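Peer 1: coordinates for the following, if possible.
(one chain, ligands or ions: 1)
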Amino acid sequence: MAEKRAVEPRLAARILEPGPLVLVTSLYRAQHNVMTAGWLLPLGFDPPRIGVAIHPGRLTHEFISRSEAFALNVPTIDLLNAVHRCGIESGRDGDKFLTAGLTPTDAAEVEAPLVEECVAHIECGLVERLSLADHDLFVGEVLAVSALDELFSDRWLIDADSPLLHHIAADQYAGLGKTYTARLGEEEE
Ligand SMILES: Cc1cc2nc3c(=O)[nH]c(=O)nc-3n(C[C@H](O)[C@H](O)[C@H](O)COP(=O)(O)O)c2cc1C
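Peer 2: Next up, the predicted model:
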């Protein structure tokens, strides 16, 4: 994978703007884990904060609660099967980096690994864990962001056929086919 460029932490929200799926990585006592997540919520630019809803039954919930750090990694469509596997298997039953064929790599600011095959990464320190419903909201302060230059500058550089992966339901996924530019004043009569 080509070199990734550091991106301003406040642009973490732009990474999540089209609502792509992510792989949440965590590490506790030298054991790493990776889990698929779609319930993501940018919370602010300054300070840059991102929320992710995680069910208390997930190993990821335990690891982030204990280590107080995590990373969000943005996969592309070519990682579809790995993403699905990380969303239906638990790290309690084996190392998903191995079973899904993903490569853990060092992060800049957190102990949790990044997923090398992903095109963007958001590293977070845990600032709060809120119990609001059956999932808990993990609020992360963004400590570092990196992204592939050819795909993201201050926004995703998507024309047609975005490579980002979105979840429909169960084992159904989708890509964004096209982007549209809104122009106020040109509304249809
Ligand atoms: C597409 C997709 C999106 C998912 N999004 C979330 C999510 O946002 N929050 C969550 O707690 N679980 C989510 N899951 C379920 C977890 O990824 C799944 O329970 C996983 O096995 C947990 O792994 P762990 O026990 O290793 O942490 C999702 C699963 C899929 C397939």
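
Peer 1: please count neighbours and contacts with C-alpha atoms only from this point.
Peer 2: Will do.

Peer 1: doesn't residue 63 lie inside a helix?
Peer 2: Yes. According to DSSP: H, G, I helix; E, B strand; the rest coil, residue 63 belongs to a helix.

Peer 1: so how many other residues sit close to the closest residue to it other than its chain neighbours?
Peer 2: Excluding its sequence neighbours, the residue lying closest to residue 63 (C-alpha to C-alpha, 6 or more residues apart in numbering) is residue 28, at 5.4 Å. Number of residues near residue 28 (other C-alpha atoms under 10 Å) recorded here: 18.

Peer 1: worst-scoring helix or strand of this structure, pLDDT-wise?
Peer 2: Here the helix or strand of the chain ranked lowest by mean pLDDT, DSSP states H and E is helix 12-16, holding a mean of 83.

Peer 1: that one - contacts with which helices or strands?
Peer 2: For helix 12-16, the elements it packs on are strand 40-45, strand 48-54, judged by 3 or more C-alpha pairs under 8 Å, 6 or more residues apart in numbering; DSSP states H and E.

Peer 1: please name the strands paired to the following helix or strand past that helix in the sheet, noting orientation.
Peer 2: Sequence-wise, the next helix or strand downstream of helix 12-16 (DSSP states H and E) is strand 22-28. Applying DSSP bridges, strand 22-28 is found paired with strand 31-37 (antiparallel), strand 69-74 (antiparallel).

Peer 1: out of these, which gets nearest to the ligand?
Peer 2: Closest to the ligand of the strands paired with strand 22-28 is strand 31-37 (C-alpha to the nearest ligand atom; 3.3 Å).

Peer 1: contacts for that closest one?
Peer 2: With contacts defined as C-alpha atoms under 8 Å, 6 or more residues apart in numbering, strand 31-37 is touched by 21-27, 52, 54, 59-60, 83-84, 86-87, 90-91, 95-97, 112-113.

Peer 1: and the angle from the helix or strand that contains residue 145 to strand 69-74?
Peer 2: Per DSSP H and E: residue 145 is located in strand 136-148. Relative orientation of strand 136-148 versus strand 69-74 (axes from the mean of the first three to the mean of the last three C-alpha atoms, to 10 degrees): 60 degrees.

Peer 1: so what touches strand 136-148?
Peer 2: 2-12, 47-56, 69-70, 108-109, 119-131.

Peer 1: try it again at 7 Å.
Peer 2: With C-alpha atoms under 7 Å, 6 or more residues apart in numbering as the test, strand 136-148 has contacts from 4-9, 12, 48-56, 108-109, 119-131.
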